[in-house]
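Visitor: Model the structure of this input:
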Amino acid sequence: MSIYVGNLSYQATEQEVEEVFAEYGTVKRVQLPTDRETGRPRGFGFIEMATDEEENAAIEALDGAEWMGRDLKVNKAKPREERPRSGGWGGGGGGGGDRRNSRY
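Guide: The predicted structure follows:
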């Protein structure tokens with residue numbers, strides 16, 4: 001499992017985030033996604049720690065904590081959802097099928 005951390009300062013680096021979370025255990029990985037077009041940080045990240053206990057300790061301590069002028073949002077990361085690709089065939093939206101028998 002991993003931790004989601006939101007409302008990060010756009011100036012925060014992976015190294016700085018790792019240092020904060022390392023106070024609660026062994027940090028295995030830090031990932032701070034960037035915008036594809038601009039390359040700038042998106043203001044959130046994912047952290048993997050060695051054990052669930054360490055993750056829980058970090059979540060408990062850091063959720064709502066102020067860091068670099070922002071109140072962090074820290075919780076268990078949810079599994080990534082499949083999103084329809086944009087573009088093509090009317091821009092997504094899906095749905096449909098035969099609606100004539102929708103009451104049955």
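Visitor: Just confirm Glu19 is within a helix.
Guide: Yes: counting by DSSP: H, G, I helix; E, B strand; the rest coil, Glu19 is located in a helix.
Visitor: Please report the distance of it from Thr13.
Guide: Relative to Thr13, Glu19 is positioned 9 Å away (CB to CB, to the nearest Å). For glycine as for every other residue, the C-beta is placed from the backbone atoms N, C-alpha and C.
Visitor: Would you map the helices across the protein?
Guide: With DSSP state H as the criterion, the chain has helices at 14-22, 52-62.
Visitor: just checking, what packs against the first one?
Guide: Right, the one you point to is helix 14-22. strand 27-31, strand 44-49, helix 52-62 (3 or more CB pairs under 8 Å, 6 or more residues apart in numbering; DSSP states H and E).
Visitor: got the contact list for the nearest residue to Phe44 once chain neighbours are set aside?
Guide: Spatial nearest neighbour of Phe44, excluding adjacent residues (CB to CB, 6 or more residues apart in numbering): Gly6 at 4.4 Å. Applying CB atoms under 8 Å, 6 or more residues apart in numbering, we find Gly6 in contact with 43-44, 72-74.
Visitor: quick revisit: can you say which of the helices and strands packed on helix 14-22 is packed in most?
Guide: Neighbour counts (mean count of other CB atoms under 10 Å) averaged over each of these peak at strand 44-49, with a mean of 20.
Visitor: residues making contact with that one?
Guide: Residues contacting strand 44-49 (CB under 8 Å, 6+ apart): 1-8, 12, 14, 17-18, 21, 24-33, 55, 58, 77.
Visitor: how about a cut-off of 10 Å?
Guide: Here strand 44-49 makes contact (CB atoms under 10 Å, 6 or more residues apart in numbering) with 1-8, 12, 14, 17-18, 20-22, 24-33, 55-59, 62, 72-74, 77.
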